[in-house]
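> got a sequence here, can you model it:
(chains A and B)
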Amino acid sequence: MKYLGLVLRNLFRNKRRTFLTVFSIAVSLFIFSALVSMPTMANQILADTASSARIVTHNKAGLTYSIPVADRQKIAIMPHVTAVVSQSWFGGVLHDVNDQFPNLAIDHEQADVMWPDWGLTDAQWDQFKKLRTACIVGADTMKRFNLKLGQQIILKGTVYPFNVTLNIVGVMRGKAMQTALYFRRDYLEEAAGRPGFVSNIWVRADSGAAVPQLIANIDEQFANSSAETQSEAESAFIGSFLKGYRMLFTLFEILGFIVVVTIGLVAANTAAMSIRERRGEIAVMRSMGFPSRVILSLLLTESFVIGLLGGLIGCGVAFVTLKIFSGPKMGLLSLRMPPAVLYETLIAAALIGLLSAWVPARAASKMNITEALRTVA
Amino acid sequence: MAVPLKYNFRSLMVRRVSTAMTGGGIALVVAVFVVVMAMVAGLATSITEAGSPDNLIVLRKGATTETYSSMSLDQFDTVKFLPGIKRDADGAPYASPELPVQVLLESTQGGRDNIVIRGVLPVALKVHDKLHIIQGRMFNPSLREVIVGKGLVGHYRNCAVGSTLHFGRGDWKVVGLFDAAGSSFESEIWADIHDVQADSQRGAYYAIARLKLQPGADQNALIARIADDPRINLQAEPETQYYQDQSVVANQLRMLGMIVAVIMGIGAVFAAMNTMYASVSARTAEIGTLRALGFSPRAVLGSFLIESLMLATLAGVVGIIIALPINGFSTTFGNFLTFSTLSFNFRVTPAIMLQALIFAAIMGTFGGWLPARQAMRLSVVNALRRI
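Down below sits the predicted model:
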């Protein structure tokens, strides 16, 4: 890279122009990476759960209708079923009614078989099974309310007319919903006066291949009963929650694309301007003997460096901003920048740099030397 | 004496490609701004239009939305006859008990969405005065008949008058369509409250009550009475306030839209600045000539600023025109607060268009300011040397 010094000197010649270009690219890629993070994260969540062997069974009428807990036994004896855990939504709050986060009650007997990817140790699962008032909390909620392991907390019921007192026995990481809190359903059942209904039932199949058949079996079992069920694979279930945001995600993706196109225009404009200004100097270099290829690669490298620099700054700032502002605003999703977005942004930056200078650089490297020398100031 | 505008206009035309690219960038930023603000305006209107200024909504104490509220029949019967509530000629109060329930409904694009089925009594039509039945008739009680909001037509199957809908635990017959001034009620289906109670097995409970106030009634006294009376012990607030609080999602989106627009605007300003600086350095000789002719430095400053403004405002107009087709575009949004899907239309209001133009002008001013100052400060002799 013997001409690197030349490239850098050229970049610093018109500092103001370089600065402005780098920063307009940085600003736009900041928006791009921040906007595209959400849909990318959502798609990743769906992709992760695509191979899961878990099924969710709920009332066919809707998620706010309940199903009898007795359905558990009928599902447990079906072939290919390795675990059955029923779940009831509680909807309590810790302090303020406006600080909501998902909290649910689950059966403790087979919870560890159902969700081995929740990042809890065997000892913690044991505690959950032994202590009636045990609860496990996602890392984000622990941080949000400043909770400690072993702390006793009171969840105030908003729909249920009572509070529950719980002891935190484990912090969930891994694939668990980081904003959720789970406590024991037998505790809830007793406090609510044993209604015998649950929100939904999770079923674990012995393999992903068995899932479709199992779904059909479960729904057939309860067809024509007073609580008809609809079972879906875990990814479809999560997908249905994210469906409401489809429009927003599509809008963000389109906005992101427009932002990239806009900065492409900006960068192309600047590249064309600066190359046009240097016409005379390029003519001199060519008459000294620099081959066209070298001129071309010099110009392209300059533009590439500007693009990449802008991309690094924009991406970096977006990454830090998302980390700082990643409060659980969306309820289910806590926002981070996935690595995929980082790569995408840097590649976009590099491409913008290269492509925006392509046409003017080629023209400059191939122009007629005598014509160009005529315009030397 | 100011530099003639013709000079600026022709300068822009001379450097056509540069002008077009910068103008294109600004136009796109303005278009993005208009689209996002139109979405926010549509969403906010849909949510806040639901509130009437002379209605109170009564919920369980501590409930932030009707989804998490419940009240017993006794509580409602006590509230119903409180003074201050409007009554009709027979003395029946304008008090509407309601039970909204989320059910899954088949959409025309395949799959099912959460839609609100609102259990109501016929008095609801009197309390919700912005709501009108535009086709068919109101449902009769206990026959599992429903009326459908017009926002659902086209997005969900079997919504026409006379068809049979299937949700909850069985079939329901559509007997009418209603219009609700573009509010969120248009994304709902209304049925007899007893049918909804039975279907959802909620027991004999209501979720909320809506009361229409007598003109001149003491609203605060009624709210205090509802809260303090031990037989009632509920929370009442004006509907408009309730829906303001519900539009927190729309507000968050508006904030996001503003942030995106401002940041993109900064990027566009940098681009405009770049172009104007290049323009100034290319026209050094012209500037020198203008000064030699007798135009003052301020006139030169003004001229370049106006040129930048002209470019930006024109680009702004183009951007607005590009974004205009989105007006009226109907789409859906999953409202996490009510745990249901809301249909709304994008709305490009005159206010938004004005804001977009001002935004474009600001971008033009900021982009042109520093380069214009540099043009102003050029020494005449040095500038003329370049000829």
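
> residues contacting the closest residue in space to B:Ala124 that isn't next to it in sequence?
Once flanking residues are discounted, B:Ala124 sits nearest to B:Ser96: 4.2 Å by CB to CB, 6 or more residues apart in numbering or on different chains. For glycine as for every other residue, the C-beta is placed from the backbone atoms N, C-alpha and C. By CB atoms under 8 Å, 6 or more residues apart in numbering or on different chains, B:Ser96 lies in contact with B:Val120, B:Leu121, B:Val123, B:Ala124, B:Lys126, B:Val127, B:His128, B:Ala209, B:Arg210, B:Leu211.

> all strands of the stretch 51-200 of chain A, in order?
A:54-59, A:67-68, A:81-89, A:103-106, A:134-138, A:152-155, A:164-172, A:181-184, A:197-198, A:200-205 (DSSP state E, counting those that start in this stretch).

> export those to JSON lines and tack on mean neighbour count, mean pLDDT and distance to B:Arg291?
JSON lines is the format used below for the strands of the stretch 51-200 of chain A (neighbours: other CB atoms under 10 Å in any protein chain shown; pLDDT from 0 to 100; distance: least, CB to CB, whole Å):
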{"stretch": "strand A:54-59", "mean neighbour count": "24", "mean pLDDT": "92", "distance to B:Arg291": "77"}
{"stretch": "strand A:67-68", "mean neighbour count": "21", "mean pLDDT": "91", "distance to B:Arg291": "85"}
{"stretch": "strand A:81-89", "mean neighbour count": "20", "mean pLDDT": "92", "distance to B:Arg291": "75"}
{"stretch": "strand A:103-106", "mean neighbour count": "22", "mean pLDDT": "92", "distance to B:Arg291": "73"}
{"stretch": "strand A:134-138", "mean neighbour count": "24", "mean pLDDT": "92", "distance to B:Arg291": "68"}
{"stretch": "strand A:152-155", "mean neighbour count": "14", "mean pLDDT": "92", "distance to B:Arg291": "75"}
{"stretch": "strand A:164-172", "mean neighbour count": "21", "mean pLDDT": "92", "distance to B:Arg291": "72"}
{"stretch": "strand A:181-184", "mean neighbour count": "26", "mean pLDDT": "93", "distance to B:Arg291": "73"}
{"stretch": "strand A:197-198", "mean neighbour count": "23", "mean pLDDT": "90", "distance to B:Arg291": "84"}
{"stretch": "strand A:200-205", "mean neighbour count": "23", "mean pLDDT": "92", "distance to B:Arg291": "79"}
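
> from B:Glu106, how far off is the residue in chain B positioned nearest to chain A?
When distances are taken as CB to the nearest CB, chain B reaches nearest to chain A at B:Gly334, 1.2 Å away. Distance, B:Gly334 to B:Glu106, using CB to CB, to the nearest Å: 16 Å.

> so between these two, which is more surrounded?
Neighbours per residue, other CB atoms under 10 Å in any protein chain shown: of B:Gly334 and B:Glu106, the larger number sits with B:Gly334, 21 against 16.

> quickly find the element holding the more buried one.
strand B:330-335 (DSSP states H and E).

> for B:Leu165, same thing?
strand B:164-167.

> for B:Ala31, same thing?
Counting by DSSP H and E, B:Ala31 is part of helix B:16-48.

> got the buried residues for that helix?
B:18-48 (16 or more other CB atoms under 10 Å in any protein chain shown).

> follow-up on the earlier one: after the strand holding B:Gly334 comes which helix or strand?
Downstream of strand B:330-335 (by DSSP H and E), the next one is strand B:340-345.

> show me what that following strand is packed up against.
helix B:16-48, strand B:112-120, strand B:330-335 (3 or more CB pairs under 8 Å, 6 or more residues apart in numbering or on different chains; DSSP states H and E).

> residues touching residue 99, list them.
Assuming you mean chain A. Going by CB under 8 Å, 6+ apart, the list of residues near A:Asp99 reads A:Val93, A:Arg144, A:Phe145.

> my bad, chain B
B:Arg118, B:Gly119, B:Val120, B:Ile193, B:Val196, B:Gln197, B:Ser200, B:Arg202, B:Tyr205, B:Tyr206, B:Ala207.

> out of those residues, which sit inside helices?
With DSSP state H as the criterion, helices contain B:Ile193, B:Val196, B:Gln197, B:Ser200 from among these.

> now the residues you listed: which count as buried?
B:Ile193, B:Val196, B:Gln197, B:Ser200.

> bridging residues for the residue lying closest to the second one once chain neighbours are set aside?
This points to B:Val196. Take B:Val196 and drop its neighbours on the chain: the residue closest to it by CB to CB, 6+ apart is B:Gly119, 3.0 Å away. Residues in a beta bridge with B:Gly119, per DSSP bridges, are B:Leu99, B:Ala191.

> list the contacts for B:Gly119?
Contacts of B:Gly119 by CB under 8 Å, 6+ apart are B:Glu98, B:Leu99, B:Pro100, B:Val101, B:Trp190, B:Ala191, B:Asp192, B:Ile193, B:His194, B:Asp195, B:Val196, B:Gln197.

> include pLDDT when you put the residues you listed into CSV, please.
Listed next are the contacts of B:Gly119 as CSV, based on pLDDT from 0 to 100:
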residue, pLDDT
B:Glu98, 95
B:Leu99, 94
B:Pro100, 92
B:Val101, 91
B:Trp190, 95
B:Ala191, 95
B:Asp192, 95
B:Ile193, 94
B:His194, 93
B:Asp195, 93
B:Val196, 93
B:Gln197, 91
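
> relative to A:Ala210, which of those residues is nearest.
B:Val101 (34.1 Å; CB to CB).

> quick check: the closest one touching B:Asp195?
No: using CB atoms under 8 Å, B:Val101 is not in contact with B:Asp195, being 10.7 Å away.

> buried residues, stretch B:213-222. List them.
B:Leu213, B:Gln214, B:Ala217, B:Leu222.

> over to the closest residue to chain B within the stretch 51-200 of chain A: give its phi and psi.
Per CB to the nearest CB, A:Gly62 is where the stretch 51-200 of chain A lies closest to chain B, at 4.1 Å. Phi and psi for A:Gly62, reported as degrees, to the nearest 10, are phi 170, psi 170.

> let me know the pLDDT of it.
On the pLDDT scale, A:Gly62 is placed at 84.

> count of neighbours near it?
Considering only other CB under 10 Å, A:Gly62 is surrounded by 22 other residues.

> cool, B:Asp192 as well?
B:Asp192: 21 neighbours (other CB under 10 Å).

> and it, how close does it get to B:Met138?
Taking CB to CB, one finds B:Asp192 at 10 Å from B:Met138.

> one more: A:Thr141?
46 Å.

> equivalent analysis for A:Ala123, please.
62 Å.

> so for these two, which sits in the more crowded spot?
B:Met138 (16 against 10).

> got the residues of the stretch 101-250 of chain A near chain B?
Counting by CB under 8 Å from any CB of the partner chain, the residues of the stretch 101-250 of chain A close to chain B are A:158-159, A:226, A:228, A:230, A:240-241, A:243-248.

> go on, the stretch 251-377 of chain A?
So far as CB under 8 Å from any CB goes, the stretch 251-377 of chain A lies against chain B at A:251, A:255, A:258-259, A:261-263, A:265-266, A:268-270, A:272-273, A:277, A:329-331.

> take those and, keeping just the buried ones, write it as a PyMOL select command.
Burial among these is assessed by 16+ other CB under 10 Å; the matching PyMOL selection reads:
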select buried, chain A and resi 251+255+258+259+262+263+265+266+268+269+270+272+273+330
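
> please flag which of the residues of the stretch 251-377 of chain A next to chain B sit within helices.
A:251, A:255, A:258-259, A:261-263, A:265-266, A:268-270, A:272-273, A:277.

> what residue is smack in the middle of chain B?
With distances taken as CA atoms, centre = their mean, the residue of chain B nearest its centroid is B:Ala41 (2.1 Å).
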